[in-house]
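*Asks:* Test case, fold it:
(chains A and B)
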Protein chains: 2
Amino acid sequence: MAIPLVSPSDPAAPAGLTERGPASQAKRDAIVNAAAAIFLEQGYWAASIDEIARRANVSKATVYSHFDNKHALFGAIVGQRCQRTLSSILADMSDRPVGEALTAVGRQFLDVLMMPGSLPLYRLVLAEAPRFPELGRIFYEAGPDRVASALAQYLEQLHKRGVLDVPDPRLAAEQFFGAVLGQIHVRMLLGVASEPPPADERERVVANVVRLFTLGVSRRSA
Amino acid sequence: MAIPLVSPSDPAAPAGLTERGPASQAKRDAIVNAAAAIFLEQGYWAASIDEIARRANVSKATVYSHFDNKHALFGAIVGQRCQRTLSSILADMSDRPVGEALTAVGRQFLDVLMMPGSLPLYRLVLAEAPRFPELGRIFYEAGPDRVASALAQYLEQLHKRGVLDVPDPRLAAEQFFGAVLGQIHVRMLLGVASEPPPADERERVVANVVRLFTLGVSRRSA
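*Replies:* Down below sits the predicted model:
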């Protein structure tokens, strides 16, 4: 199972690492992709750094030059996926109308969750979390928490500028993402839906939440 | 592990069965509680009807007089939990103000999800669903789907009466529950939060969503 998690043009790598140049970045991407595939095939705890290095066609030392340990590698997989949503949110901090910005964020969020490999990755961490809460924490911090905190920052600025009425931006951000998910994710997790909803359905979902939020937290409604 | 899933006073039993009288109802509750405990201890597929009957102190024939098979028993466990939310929703179809009714629904929903045993039950079905999608479907229909469809009915009536502007009540219902959950559930599933949020925190969460919805779908905002 080879799931392409990051493409060379992906803006997901931490800024510090890009200084090492594109060759190093390509190796990093190869390691992350190999690790994701092996984690999903064998489970997190059975996967070895040796095998990840072999699959990525790099030395074990190269793996360790990028990642301190398996935990860090797992965090990077989740983090790279969520980085896409974050980039989109940050880009939207500009002067785009609120509705447009929120629509972009909602779309990106669904896209990341519906990417091939995202669901199995989430299943993996859910299965391991009861025994290994550290893995659950890494996933949470690299994924849901980062995304919610980025949206919260955006909402807080709008609140300060008097555009929206969002006294608790973090709560509002979590509720925004929760509303976008609705029961889409649970249907897929439970195997009730075998495919992600088609593009027009996703658009409808996001548009509905954005309408709800812009009306629900607009100053004129307060 | 003995998790009391239903109490004798629980209004969760399907109406038809109460005709059999309180003794039969008590046996049914005992079977459901025993099954839930054994499913969580041993996993769904390892659990046997023999052992469930033994633990519930009834004959195997009694188990089969209430439930056709293990799938039906599993559906009943989930269904009984969700019935609480449904009863509350149905009670609120009356003339209570919308905000009050939605608050009650949001509260009940969180209560059911935070009940002891709900999280392990959900983990169980998530772990089994990839191999046994039928179990996922039973859970979905007895749980998330029923709850969303009950709230959708309520919202549809309000829409028809011109109280709210909810052209797609099913979508709105799913988004309501999604917003109430926010990241509460994911934090618990990932082991990031070991305890459900305290009562005052839940109240704040629900109040925020209800405010969002009543403003977001009110006629004056349309």
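
*Asks:* Can you pull up the most central residue in chain A?
*Replies:* Nearest to the geometric centre of chain A sits A:Cys82, at 2.2 Å (CA atoms, centre = their mean).

*Asks:* What mean pLDDT does whichever strand or helix holds that one get?
*Replies:* Using DSSP states H and E, A:Cys82 falls within helix A:70-91. Mean pLDDT, computed over helix A:70-91, is 76.

*Asks:* Walk me through the domains of chain A.
*Replies:* In terms of domains, chain A is parsed into A:20-67, A:70-221 (source: automatic domain parsing).

*Asks:* Which one of those domains has the poorest average confidence?
*Replies:* Ranked by mean pLDDT, these bottom out at domain A:70-221, which scores a mean of 86.

*Asks:* And the helices in chain A, which stretches?
*Replies:* A:15-18, A:22-42, A:49-56, A:60-66, A:70-91, A:98-114, A:118-128, A:133-142, A:144-160, A:169-181, A:184-189, A:199-216 (DSSP state H).

*Asks:* The second one: which residues count as buried?
*Replies:* This points to helix A:22-42. Using 16 or more other CB atoms under 10 Å in any protein chain shown as the test for burial, helix A:22-42 gives A:24-25, A:27-40. The way it works is simple: take the backbone N, C-alpha and C, and place the C-beta from them, glycine included.

*Asks:* quick one: which of the domains of chain A is nearest chain B?
*Replies:* The closest of these to chain B is domain A:70-221. By CB to the nearest CB, the value is 3.5 Å.

*Asks:* from the middle of its chain, how far away would the closest one be?
*Replies:* Offset of domain A:70-221 from its chain centre (CA atoms, centre = their mean, to the nearest Å): 8 Å.

*Asks:* again, but for stretch A:28-35
*Replies:* 17 Å.

*Asks:* A:Lys70 and A:Ala47 touch, don't they?
*Replies:* Yes. Assessed by CB atoms under 8 Å, A:Lys70 is found in contact with A:Ala47 at 7.1 Å.

*Asks:* what do these two both touch?
*Replies:* In terms of CB atoms under 8 Å, 6 or more residues apart in numbering or on different chains, A:Lys70 and A:Ala47 are both contacted by the residues A:Ala35.

*Asks:* Settle it for me: which of the two has more neighbours?
*Replies:* Legend: neighbour count by other CB atoms under 10 Å in any protein chain shown for A:Lys70 and A:Ala47, higher for A:Ala47 (22 against 18).

*Asks:* Just list the residues touching the more buried one, thanks.
*Replies:* A:Ala47 neighbours (CB under 8 Å, 6+ apart): A:Ala35, A:Ile38, A:Phe39, A:Lys70.

*Asks:* and those as JSON lines, adding distance to B:Ala148?
*Replies:* Formatted as JSON lines, these follow (distance: CB to CB, whole Å):
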{"residue": "A:Ala35", "distance to B:Ala148": "37"}
{"residue": "A:Ile38", "distance to B:Ala148": "37"}
{"residue": "A:Phe39", "distance to B:Ala148": "33"}
{"residue": "A:Lys70", "distance to B:Ala148": "39"}
